[in-house]
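Asker: sequence-free structure coming up:
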């Protein structure tokens, strides 16, 4: 059981190893349409759709259609908690590095 959990953890971390997917994840603190994500990131619809497809295949995001728009949201709010903790740790590291001068 634990080995399987480590494998799953590694697969999810691979998804989060891409800066564009992290940017999209940060936006998905609330449900957004693809159009809204395009406006906020200035990325192409094809690029955003490709990354959302990867995250959806791993069960990180879910989608729903409303007319012509497709909306995405996180499947579990704990994903953002983990994301925020990692960002906090990295921000602290950058601040410490800046205080030391490099």
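Answerer: Done, it's in. Remember, predicted model here, so these are calculated numbers, not experimental data.
Asker: Am I right that residue 43 is in a helix?
Answerer: No: Residue 43 is assigned coil when assessed by DSSP: H, G, I helix; E, B strand; the rest coil, not a helix.
Asker: Contacts only, for it.
Answerer: 20, 37 (C-beta atoms under 8 Å, 6 or more residues apart in numbering). Heads up, the C-betas are built off the backbone N, CA and C, glycines and all.
Asker: in the protein, which spans are strands?
Answerer: With DSSP state E, the ranges of strands along the chain come out as 32-33, 61-66, 69-74.
Asker: outside of the longest helix seen in the chain, which residues touch it?
Answerer: If you go by DSSP state H, the chain has its longest helix at helix 78-100. Contacts to helix 78-100, defined as C-beta under 8 Å, 6+ apart, come from residues 16, 22, 25, 26, 28, 29, 60, 74.
Asker: circling back: now the strands of the chain in TSV, with distance to residue 55?
Answerer: Listed next are those as TSV, based on distance: least, C-beta to C-beta, whole Å:
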stretch	distance to residue 55
strand 32-33	13
strand 61-66	5
strand 69-74	8
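Asker: Reformat those strands as CSV; add distance to residue 89, mean pLDDT and mean neighbour count.
Answerer: Output for the strands of the chain, formatted as CSV (distance: least, C-beta to C-beta, whole Å; pLDDT from 0 to 100; neighbours: other C-beta atoms under 10 Å):
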stretch, distance to residue 89, mean pLDDT, mean neighbour count
strand 32-33, 26, 97, 17
strand 61-66, 23, 97, 13
strand 69-74, 20, 96, 16
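Asker: Of all residues in the protein, which one is nearest the centre?
Answerer: Nearest to the mean C-alpha position of the chain, counting by C-alpha atoms, centre = their mean, stands residue 25 at 2.4 Å.
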